[in-house]
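Asks: Would you be able to build a 3D model of this:
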Amino acid sequence: PPSDRAALLTIKSALHEPYLGIFNSWTGSDCCSGWYGVVCDPRTDRVAEINLRGESEDPIFEKAHRTGFMTGSTSPALCSLDRLSSIIIADWKGISGEIPQCITSLPLLRVFDLIGN
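Replies: As a prediction, the model looks like this:
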């Protein structure tokens with residue numbers, strides 16, 4: 001839905017990834033279709049998972065022959081994605097700042113991984 005798309009774009013604006021272009025696919029009106037690291041629940045078409053891992057065997061990293069480096073912070077916009085069960089923004093080395101307190105109010109959240117930042 002448009003509200004999930006808007007939240008993802010706000011999250012993207014709080015992060016800076018200069019080398020791999022992982023956010024290049026975050027275009028268009030349907031964030032459930034082809035947006036890197038975004039998984040939606042097929043029953044609700046709502047964002048259920050964000051999986052942005054800076055060290056991975058994903059082809060985007062293998063093609064670049066490097067691990068990821070991203071700076072920025074976790075945006076409170078994560079909290080408006082109220083169907084999230086998993087948030088992984090790990091191993092980027094440069095994510096810092098406070099974790100939005102509202103994360104604790106996400107009713108379905110089971111995984112919140114910021115390791116390696």
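
Asks: distance of residue 94 from residue 68?
Replies: Taking C-beta to C-beta, to the nearest Å as the measure, residue 94 falls 9 Å from residue 68. (Each C-beta comes from the backbone N, C-alpha and C, glycine too.)

Asks: These two: who's more crowded?
Replies: residue 68 (24 against 16; other C-beta atoms under 10 Å).

Asks: OK, contacts around the more buried one?
Replies: Residue 68 is in contact with 17, 19, 20, 22, 53, 54, 55, 56, 61, 91, 92, counting by C-beta atoms under 8 Å, 6 or more residues apart in numbering.

Asks: Format those residues as JSON lines; extra columns: neighbour count and distance to residue 85.
Replies: Rendered in JSON lines, the data for the contacts of residue 68 read as follows (neighbours: other C-beta atoms under 10 Å; distance: C-beta to C-beta, whole Å):
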{"residue": "17", "neighbour count": "19", "distance to residue 85": "23"}
{"residue": "19", "neighbour count": "12", "distance to residue 85": "29"}
{"residue": "20", "neighbour count": "19", "distance to residue 85": "25"}
{"residue": "22", "neighbour count": "21", "distance to residue 85": "21"}
{"residue": "53", "neighbour count": "20", "distance to residue 85": "16"}
{"residue": "54", "neighbour count": "22", "distance to residue 85": "21"}
{"residue": "55", "neighbour count": "14", "distance to residue 85": "22"}
{"residue": "56", "neighbour count": "16", "distance to residue 85": "20"}
{"residue": "61", "neighbour count": "18", "distance to residue 85": "24"}
{"residue": "91", "neighbour count": "20", "distance to residue 85": "20"}
{"residue": "92", "neighbour count": "22", "distance to residue 85": "21"}
